[in-house]
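Chemist: 3D model of this:
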Amino acid sequence: MMTEVVPKRLSILIGTRNRRSLLEEALASLAACRIPTGWTIELVVVDNGSSDGTAEAVTAASARLPFSVRCVREPQPGLGRAHAAGLQACHGELIACTDDDCRVTPEWCEAIVDAFTVQPELGGLFGRVLPLDPQEASAYRVAVKTSETPATYRFPCWPVIGFGNNMTFRRAALESVGGFSALFGPGGVLWSGEELELSYRLLRRGWCLAYVPSVTLWHHARSTHEAWAGTHRRDALGFGAFAGLHAVRGDGYALKLAVWEWTGMWRAWWRGSREGDARRREVGGAYTRWLPVGFLAGAWRGVWCSPYPARRTAIEARIPGVAPQISVIVCTRNRATMLRHTLESLLESSAAPGFPFEVVVVDNDSRDETQVVIGAAQQRYGSRVVAVYESRPGLSRARNAGLRVARGALAAFTDDDCLVSPDWVQRIGEAFRADGGLGGIFGRVLPLEAEAGAAVVSVKIADSPQRYHFPCSPFIGHGNNMVFRRAALQVIGGFDVALGAGGPLRSAEDLDAAYRLLRRGETLAYDPRCVVYHRPRGTAKEASATEWRNAVGLGACFGKYILHGDFYALKCVYWLLRNLPGASLRDWRLGHRYDAKTRWLFVAGVPYGILIRWIHMLCSLVSREPGRREPLRLSEGKETVAEARQSAVGPLTGTLPRHESL
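Modeler: Presented below is the predicted three-dimensional model:
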């Protein structure tokens, strides 16, 4: 379920459990907080199973607060779980978290907004935390950071930046990593370290974090030595659990962090023992004893449990705007630099009158600065850019994730290594306006001139338009420049998740979708006016690897059709394999050595792909997952393509129960 985001709204999130008196003091300090100019504020208090009348206290305080207040109840204990529940109720583009035992300064909200305005690349920040009573400087204080030096952090770095009682994040950043983990935080299964674990995921995703001392609040110290020691014990367990959970999933840097922390605390214990510093000795001893225990617990959770139940597909909540007619879907993985140029070419292109468009960017589990690039585009272009995070690898999965949130009647696809011509979107709109019977078009793909000397793949330079009806060749164009009616894709169930880059069968998801549309009676076309420029592969070896994947994917498609009794597909395989050897020899005699080599790759790759597809489908049957189908549920639409065409290029609705074979 998508949450509506209100522009320029700061959401303040507080989780509380049986601390009514402290909470009332915290709410009183918020009442004196100044509201940033041009912004609105909302407060969401999560009652984490309290039995002391917390909800009544929030209701009474709401009359004194100068902004909206909402109380959410989460009966299961755990600060991480409470924050996860509260996030669903927040509508701000910034989410600020504090605790019920803190007091904010009057300029706290203004300082948060100023920090994100000055540094638009920030995914989150931590503020300064001072002891509430100056006399508490020597008491049992915890979760206090008094540094006055600002700092900016990017991975790799030490992830302990600040404390969870004074942290703020962009909603886009939180959604990109799956939000708060319900396992961590006081009261949770893994004791503590919620802000540490969340910061680490954000840094690994490529977000920039900062420590901003101007964002200041005060925090209560612990009242007894037992409470102080217990907090450090939970922190040690939480740090170990965070490191163990990520290390067991193959993250070697998290393992390094655990070793560095444990050895550092062992040295602190040794120094405290030698110098007679009882507190240093006790803190160091707590970490050396309990961090390994937490590491084992986190590793066990990492092996057997999923810490992020919503992490499979996270969608950044959409800011309301004009409903687009064209949704351009760009899927990306670890290509932040290329993606930046692709988005610039898209968002600066012109649209046909009456054809507003949006750009849906699907991050397919990138580990570079992809989220920073997407965030910068959203800052500049607003609601025209929609971010989707799909953690499961595979181009088809990513494209289906983009289709689920696309609102346009036309779904256009290009890749993160392409640049579109300035009139690309305009030409798409004109083509479908001129011919209401089209189910989809493929466009012209030219090599990027700046890299014309590199190996060229996925290029089509024909300048003659063509129309295709079944029976015909399914080789119409390439997936880096194709557009379909969203209703038509809905009817066939979207893209086959077994195909496409990153999937088990690695390629040909575009050809598969085109063939299934043709088999259903759709009319497809090749329109050379819709031009995209594709970056060639750097070396001949990389280009050959791409062509081999294309050959295997093509064979996998034909293998699927043949297994379902499609004799036309069997004819296509026969014609292809019969003609390829002769064409290869002809290219060799003419001196086109690369083309001849590519044809021989298809001679070997197509039969191999057919065999692999049959084995794959057999394994799916044995595992009781026939065909690995996934339902494609789109955000809007009509039940049939015919009904959709009656509304020209208008919004569409509907769902599909299964992915069709053909």
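Chemist: what about residue 377, which SS state?
Modeler: helix (DSSP: H, G, I helix; E, B strand; the rest coil).
Chemist: could you do residue 162 as well?
Modeler: Classification of residue 162 using three-state DSSP returns coil.
Chemist: how close does it get to residue 499?
Modeler: Using Cβ to Cβ, to the nearest Å, we find residue 162 at a distance of 45 Å from residue 499. For glycine as for every other residue, the C-beta is placed from the backbone atoms N, C-alpha and C.
Chemist: so for the one helix or strand residue 22 maps to, what gets flagged as buried?
Modeler: Counting by DSSP states H and E, the element that carries residue 22 is helix 20-31. Applying a neighbour-count criterion of 16 or more other Cβ atoms under 10 Å, the buried positions in helix 20-31 are 20, 22-23, 25-27, 29-30.
Chemist: what helices or strands is the next helix or strand along the chain from that helix leaning on?
Modeler: Scanning forward in sequence from helix 20-31 by DSSP H and E, the next helix or strand is strand 40-47. Counting contacts by 3 or more Cβ pairs under 8 Å, 6 or more residues apart in numbering; DSSP states H and E, strand 40-47 packs against strand 6-16, helix 20-31, helix 54-62, strand 68-73, helix 79-89.
Chemist: again, 6 Å this time
Modeler: If you count contacts as 3 or more Cβ pairs under 6 Å, 6 or more residues apart in numbering; DSSP states H and E, strand 40-47 packs onto strand 6-16, helix 54-62, strand 68-73, helix 79-89.
Chemist: so for the helix holding residue 22, mean pLDDT?
Modeler: What helix 20-31 shows for mean pLDDT is 94.
Chemist: ok, residues contacting that helix?
Modeler: Residues from elsewhere that reach helix 20-31 (Cβ atoms under 6 Å, 6 or more residues apart in numbering): 16, 52-54, 57, 61, 64-65, 100-104.
Chemist: please state the offset of that helix from the chain centre?
Modeler: Centroid separation for helix 20-31 versus its chain: 36 Å, with Cα atoms, centre = their mean, to the nearest Å.
Chemist: likewise for stretch 524-534?
Modeler: Using Cα atoms, centre = their mean, the offset of stretch 524-534 from its chain centre is 29 Å.
Chemist: pLDDT below threshold where in the stretch 551-662 of the chain?
Modeler: Counting by pLDDT under 70, the ranges of the stretch 551-662 of the chain that qualify are 580, 582-584, 587-600, 620-662.
Chemist: what segments of the stretch 101-250 of the chain are strands?
Modeler: 102-104, 122-131, 151-153, 166-170, 208-219 (DSSP state E, counting those that start in this stretch).
Chemist: so what's the most centrally placed residue in the chain bridging to?
Modeler: Note on the chain: the residue nearest the mean C-alpha position is residue 389, at 1.9 Å, using Cα atoms, centre = their mean. Note on residue 389: beta-bridge partners residue 314, residue 363, judged by DSSP bridges.
Chemist: same thing with residue 531?
Modeler: residue 444.
Chemist: distance check, it against residue 462.
Modeler: For residue 531 relative to residue 462 (Cβ to Cβ), the value is 12 Å.
Chemist: between the two, which has more neighbouring residues?
Modeler: Neighbour totals were compared for residue 531 and residue 462, and residue 531 leads with 18 against 11 (other Cβ atoms under 10 Å).
Chemist: show me where the stretch 301-450 of the chain has strands.
Modeler: Remark: strands assigned in the stretch 301-450 of the chain by DSSP E, counting those that start in this stretch are 313-315, 326-332, 357-363, 385-390, 410-415, 418-420, 438-447.
Chemist: can you give me the helices in the stretch 251-400 of the chain?
Modeler: With DSSP state H, counting those that start in this stretch as the criterion, the stretch 251-400 of the chain has helices at 252-275, 278-304, 336-347, 370-381, 395-405.
Chemist: follow-up on the earlier one: mind putting the contacts of helix 20-31 into TSV with neighbour count and pLDDT?
Modeler: TSV is the format used below for those (neighbours: other Cβ atoms under 10 Å; pLDDT from 0 to 100):
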residue	neighbour count	pLDDT
16	25	94
52	15	90
53	13	89
54	24	91
57	21	91
61	20	90
64	11	89
65	18	91
100	24	93
101	19	91
102	23	94
103	19	95
104	23	96
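Chemist: correct me if wrong: residue 217 contacts residue 104.
Modeler: Yes - taking contacts as Cβ atoms under 6 Å, residue 217 lies within contact range of residue 104: 4.5 Å.
Chemist: what sits in contact with each of these two?
Modeler: Taking Cβ under 6 Å, 6+ apart as the contact rule, residue 217 and residue 104 have no neighbour in common.
Chemist: buried set for stretch 602-615?
Modeler: 602, 605-607, 609-610, 612-613.
Chemist: quick one: mean pLDDT over stretch 225-238.
Modeler: 86.
Chemist: what does that stretch rub up against?
Modeler: Contacts for stretch 225-238 (Cβ under 6 Å, 6+ apart): 140, 142, 191-193, 222, 283, 286-287, 290-291, 294.
Chemist: between those, which has the most around it?
Modeler: residue 193 (33 neighbours).
Chemist: separation between the residue lying closest to residue 609 once chain neighbours are set aside and residue 373?
Modeler: Spatial nearest neighbour of residue 609, chain neighbours left out: residue 555 (2.3 Å); criterion: Cβ to Cβ, 6 or more residues apart in numbering. Taking Cβ to Cβ as the measure, residue 555 falls 35 Å from residue 373.
Chemist: which residues does residue 91 contact?
Modeler: Residue 91 neighbours (Cβ under 6 Å, 6+ apart): residue 6.
Chemist: swap in residue 460?
Modeler: So residue 460 contacts 445, 477 (Cβ under 6 Å, 6+ apart).
Chemist: distance of it from residue 477?
Modeler: 6 Å.
Chemist: same question for residue 190.
Modeler: Residue 190 is 50 Å from residue 477, by Cβ to Cβ.
Chemist: do the same with residue 241
Modeler: On the measure of Cβ to Cβ, residue 241 and residue 477 end up 50 Å apart.
Chemist: again, but for residue 434
Modeler: Applying Cβ to Cβ to residue 434 and residue 477 gives a distance of 18 Å.
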